[in-house]
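Asks: I'd like to go over a predicted model; first the sequence, then the structure.
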Amino acid sequence: AELGIRAPRFAYEGVIEQSRNIITGAPFQDGSASPLWADLQAKADALVEAGEISQERADELKQQARDALTGHVLPVYERIIAWAESELPHALENPAGVGTTHPGGSDYYAWQLRENTTTDMTADEIHQLGLDEVARLRGEMEAVMEQVGFEGDLQAFFEFINTDPQFRYPNTDEGRQAYIDDATAAIDNIEQHLPDYFGRLPKADLEVRRVEAFREQDGAAQHYYPATPDGSRPGIYYAHLSDMDAMPKTELEVIAYHEGLPGHHMQISIAQELEDVPTFRTQQFTTAYTEGWGLYSEWLAKEMPDTYQDPYSEYGRLMSEMWRAIRLVVDTGMHAKGWTEQEAVDYFMANSSIPETTVRSEIRRYLIMPGQATAYKVGMIKMQELRRKAEAELGDAFDIRAFHDTILGGGAMPLDLLEKRVDTWIE
């Protein structure tokens, strides 16, 4: 901050709100138990019920926990909130990206692109790739539009998808449970077909859960939380379900495949379970590889039985890919070409049916994580290129299971190393 390098105003506002949520409720103030206090008490009570400690010991633990929360946790969060409030007058609203708002920002962004894509692609090259992919995907969406007999242009079709009640679950607890049930069913279908596409399978289980209330946000992106390396805790596909209007049915399948199977759960669990590589490689995270695999998985799932059977689910798959193509354009637009937050929102809305609450959440994410969003599509395209190369060079000897084991069997790695790995397998 002293160097004039600050996040946008909304980021400070988020820190303030989320920090207050942590210290709201007992024992910080009167009222019902805060999330931390409720969890700590439940864990102590569970130890008593399991016969592992006495009630007297549980009471001691609770008092220690209460003292830690009020004596240490509370004052630190109060300091964080006070600092963030003091920064608000200096933070920009509707900002452009780092290239035009921060000292040394353009060089920093070029470094971030190299770090995130693990390639030498420039901002201009990535921007153009995004524009080309957006144009291609618009054409494929128009084909789906014709298939379902919709009359009107693509923008009208976006509006139809966004407003017709048939594409939304009820904004009720029953609707939220239906989303979890349908996502689980989609993942279960994939699981039974995995042996036809992979030789190596994950040991850890996978669960679909709603994001906890204290950190849930309307329209925020779903995400995967890894299992433990020994499989004792399952992997979790978390969905933000506070606003069901931001969770269209068209995208339920594709997101389940990306976050769950054959996506992040498959890739991360297999990496953690590897025994023939140095330990750091079981935990390595490379965005272009990890998210490239997630997006490749959305595309791969189309080859598997009983997926994307509804044309609107296929539209959802295309829209998910469009989402990542748009990222190439808006991330470079904001951070290298001076686009403002609102200009990026407008471009996103013009080329997708993603709900506006989700679009704004996404654009804000790109603003505070320069370059990260470009990794997905770059990684996917590289994996598709490597597969086409292997199919062409091996012909009838190509084995899809062995190819995927080659991609996943070394853990996450930069794309240039992945290409060498696949080339060695081909040879």
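Replies: Thanks, I have the structure now.

Asks: any idea how far whichever strand or helix holds residue 185 is from the middle of the chain?
Replies: With the criterion set as DSSP states H and E, the secondary-structure element containing residue 185 is helix 173-193. Per CA atoms, centre = their mean, to the nearest Å, the displacement of helix 173-193 from the mean C-alpha position of its chain is 18 Å.

Asks: ok, longest helix in the protein?
Replies: Longest helix of the chain, by residue count under DSSP state H: helix 311-337.

Asks: who does that helix touch, helix- and strand-wise?
Replies: Helix 311-337 is packed against helix 98-101, helix 105-117, helix 123-147, helix 252-259, helix 287-300, helix 341-350, helix 356-368, helix 375-394, with contacts defined by 3 or more CB pairs under 8 Å, 6 or more residues apart in numbering; DSSP states H and E. C-betas here are computed from N, CA, C, even on glycine.

Asks: picking that back up, helices and strands around the following helix or strand past the helix holding residue 185, which ones?
Replies: Scanning the chain past helix 173-193 towards its C-terminal end, the next helix or strand to appear is strand 206-210 (assignment: DSSP H and E). With contacts defined as 3+ CB pairs under 8 Å, 6+ apart, the secondary structure elements packing on strand 206-210 are helix 173-193, strand 235-239.

Asks: buried residues in strand 206-210, which are they?
Replies: When burial is assessed from 16 or more other CB atoms under 10 Å, strand 206-210 yields the following buried residues: 206, 207, 208, 210.

Asks: related to what we said a few turns ago, mind giving me the packing neighbours of the helix holding residue 185?
Replies: Using 3+ CB pairs under 8 Å, 6+ apart, helix 173-193 is in contact with strand 206-210, strand 235-239, helix 252-259.

Asks: tell me the mean pLDDT over the next helix or strand after the last one?
Replies: Helices and strands here follow DSSP H and E; after helix 252-259, the next one along the chain is helix 264-273. Helix 264-273 comes out with an average pLDDT of 96.

Asks: now helix 264-273 against helix 173-193, angle please.
Replies: For the pair helix 264-273 and helix 173-193, the angle between their directions (axes from the mean of the first three to the mean of the last three CA atoms, to 10 degrees) equals 60 degrees.

Asks: okay, angle between helix 264-273 and helix 287-300 too, please.
Replies: Computed by the same axes, to 10 degrees, the angle between helix 264-273 and helix 287-300 is 130 degrees.

Asks: for helix 264-273, name the packing helices and strands.
Replies: Contacts defined by 3+ CB pairs under 8 Å, 6+ apart place helix 264-273 against strand 223-225, strand 235-239, helix 279-283, helix 287-300, helix 400-408.

Asks: how about the shortest one: buried residues?
Replies: Neighbour counts over strand 223-225 (16+ other CB under 10 Å) mark 224, 225 as buried.

Asks: just how off-centre is that strand within its chain?
Replies: Relative to its chain's centre, strand 223-225 lies at 7 Å (CA atoms, centre = their mean).

Asks: what mean pLDDT does that strand have?
Replies: Per-residue pLDDT over strand 223-225 has a mean of 95.

Asks: how about the third one?
Replies: On average, the pLDDT along helix 279-283 is 95.

Asks: which other residues reach it?
Replies: Outside helix 279-283, the residues within contact range by CB atoms under 8 Å, 6 or more residues apart in numbering are 229, 271, 272, 273, 274, 410, 411, 412, 413.

Asks: make CSV from these and add distance to residue 361 and neighbour count to it.
Replies: Written out in CSV, the entries for the contacts of helix 279-283 read as follows (distance: CB to CB, whole Å; neighbours: other CB atoms under 10 Å):
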residue, distance to residue 361, neighbour count
229, 31, 18
271, 28, 25
272, 29, 20
273, 33, 17
274, 34, 17
410, 34, 19
411, 30, 22
412, 26, 23
413, 30, 19
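
Asks: any idea which element the nearest residue to residue 210 once chain neighbours are set aside lies in?
Replies: Distances taken as CB to CB, 6 or more residues apart in numbering place residue 241 nearest to residue 210, at 4.9 Å, with adjacent residues excluded. Using DSSP H and E, residue 241 maps to neither a helix nor a strand.

Asks: could you verify my assumption that residue 241 touches residue 213?
Replies: No - proximity of residue 241 to residue 213 does not meet the contact threshold set by CB atoms under 8 Å, at 10.3 Å.

Asks: neighbour count: these two, which is higher?
Replies: When residue 241 and residue 213 are compared on other CB atoms under 10 Å, the one with more neighbours turns out to be residue 241, at 22 against 9.

Asks: from residue 209, how far off is the residue nearest to residue 315 when sequence neighbours are not counted?
Replies: Nearest in space to residue 315, with sequence neighbours left out and distances taken as CB to CB, 6+ apart, is residue 144 at 4.7 Å. From residue 144 across to residue 209, the span is 31 Å (CB to CB, to the nearest Å).

Asks: poorly predicted segments of the stretch 1-150 of the chain, please.
Replies: Nowhere does the stretch 1-150 of the chain drop to pLDDT under 70.

Asks: ok, back up a step: the buried residues of strand 206-210: which two are farthest apart?
Replies: Between all members of the buried residues of strand 206-210, the longest pairwise span (CB to CB) is found for 206 and 210 and amounts to 15.1 Å.

Asks: and residue 261, what does it touch?
Replies: Listed by CB under 8 Å, 6+ apart, the contact partners of residue 261 are 187, 190, 191, 194, 206, 297.

Asks: burial of residue 157, as a residue count?
Replies: Applying other CB under 10 Å, we find 19 residues neighbouring residue 157.

Asks: doesn't it lie inside a strand?
Replies: No - according to DSSP: H, G, I helix; E, B strand; the rest coil, the state of residue 157 is helix, so it is not within a strand.
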